[in-house]
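>>> mind looking at a prediction? Sequence and model below.
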Amino acid sequence: MRTKNLLRLKMFILIGGFWAGSGLLMAQTAPPATSTPAAQPAAKKKATAKAKAEAPPALTLEPKAIEILKAVGSRLALAHTISFTAVETFESLSRQGVPLVYANRSLVTLERPNKLRIIQTGDGPASEFYYDGKIMMAYAPVENLVAIADAPGTIDDTLETIFHTAGIYFPFTDIIVADPYGDMAPGLLHAYYVGQSNVVGGTTTDIVACAADGVFMELWIGVEDKLPRAIHAIYLDDPDQLRHNLLLSDWQIDSPVSAEVFTTTKAAGARHMQFAHPHPEPPPGARPPAGRTAPAKTNPTNPAAKPQQ
């Protein structure tokens, strides 16, 4: 499996290099601009004046957009059981400095307030996460490794615990917490209605764009069922403006779920390890040893992305 993954990564790198080289060739062979030297200064002055005249639009919270966001938040918050499939694609810079795209597929099942299962496969290592209200378990089937620990009493607290103790973050975390809109609302700076689509999710969706907590998002939300079908996100502080996308499908709301779903016997013979953060942060007030700097922080939604200093 490791060999296959390495070959796959090498193929991504080769493809990225090919396209980067093709782009360079096109740039080198492109015909020169036809504008005359005399016309260029005038054009620059005109563009500068236009830029100064057009002030950036004011940040607003459009009532229609807020109504839709509240509706999807309420639909998810009121559901006792939820299951869906999430296909995540995210960008990571290649050797040439242009982004490559990687993908993960997650099968998600939860029962409020304290049960969760996530089975993940993709371009990285496969993983399984189980939480039954008392115990949380992370299992790596290929490596046959398992980490088990006592867990908090709710899904929200467990998600926060595994993020801080093990650096585990799921890109759909914001839609499986107890109150999705309530968590978003305090940091919401901008929201507006874009329009409708009949392409995404095989149904008619309302498109809403919003900015909250340093993330710009575009969401496709089912008109009839108020369920999110796609989310496009860019972290505003990311200098590379790398894109993160989620396609959400196979929604089942309030369907019966067996208690056995939230645990597994497959890990019984696995080697045990402790939950540990890949980039542990020092205690408050602590300083790194002399001659060393604190470890770089990675993007929690994409550990493969370039570290942020």
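Happy to help now that I have it.

>>> ok, Ile82 - how many residues close by?
22 (other CB atoms under 10 Å). No exception for glycine: its C-beta is placed from N, CA and C like everyone else's.

>>> okay, and the residue nearest to Asn114 when sequence neighbours are not counted sits in which element?
Residue nearest to Asn114 in three dimensions, not counting chain neighbours: Gly133, with 3.7 Å by CB to CB, 6 or more residues apart in numbering. Under the criterion DSSP states H and E, no helix or strand holds Gly133.

>>> correct me, but Gly133 touches Gly153?
Yes - contact criterion CB atoms under 8 Å: Gly133 and Gly153 qualify, at 7.1 Å.

>>> got any residues that touch both of these two?
Asn114 (CB atoms under 8 Å, 6 or more residues apart in numbering).

>>> so which of these two has more stuff around it?
A side-by-side neighbour count of Gly133 and Gly153, using other CB under 10 Å, places Gly133 first with 18 against 11.

>>> how close does the more buried one get to Gln120?
21 Å (CB to CB, to the nearest Å).

>>> for Phe90, phi and psi?
The phi and psi values for Phe90, taken as degrees, to the nearest 10, are phi -140, psi 150.

>>> count of residues packed around it?
Phe90: 24 neighbours (other CB under 10 Å).

>>> again, but for Ala147
21.

>>> quick one: the helices in the stretch 151-300 of the chain?
155-166, 173-176, 180-184 (DSSP state H, counting those that start in this stretch).

>>> contacts for the shortest one?
The list of residues contacting helix 173-176 from outside it, by CB under 8 Å, 6+ apart, reads 76, 82, 108, 110, 116, 155, 159, 170, 180, 183-184, 228, 248.

>>> out of the residues you listed, flag the one nearest to Asp240.
Nearest to Asp240 among these, counting by CB to CB, is Phe170 at 22.2 Å.

>>> which one is the closest one nearest to, not counting chain neighbours?
Per CB to CB, 6+ apart, closest to Phe170 is Ile118, 6.3 Å.

>>> what segments of the stretch 151-300 of the chain are strands?
188-197, 205-212, 215-222, 228-235, 243-253, 271-273 (DSSP state E, counting those that start in this stretch).

>>> using JSON lines, please lay out those together with mean pLDDT, mean neighbour count and distance to Leu61.
As requested, the strands of the stretch 151-300 of the chain are exported to JSON lines (pLDDT from 0 to 100; neighbours: other CB atoms under 10 Å; distance: least, CB to CB, whole Å):
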{"stretch": "strand 188-197", "mean pLDDT": "97", "mean neighbour count": "15", "distance to Leu61": "5"}
{"stretch": "strand 205-212", "mean pLDDT": "97", "mean neighbour count": "20", "distance to Leu61": "9"}
{"stretch": "strand 215-222", "mean pLDDT": "97", "mean neighbour count": "20", "distance to Leu61": "14"}
{"stretch": "strand 228-235", "mean pLDDT": "97", "mean neighbour count": "20", "distance to Leu61": "19"}
{"stretch": "strand 243-253", "mean pLDDT": "98", "mean neighbour count": "17", "distance to Leu61": "23"}
{"stretch": "strand 271-273", "mean pLDDT": "96", "mean neighbour count": "11", "distance to Leu61": "45"}
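
>>> next, format these as TSV and append distance to Glu62.
Below are the strands of the stretch 151-300 of the chain laid out as TSV (distance: least, CB to CB, whole Å):
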stretch	distance to Glu62
strand 188-197	5
strand 205-212	9
strand 215-222	14
strand 228-235	18
strand 243-253	23
strand 271-273	48
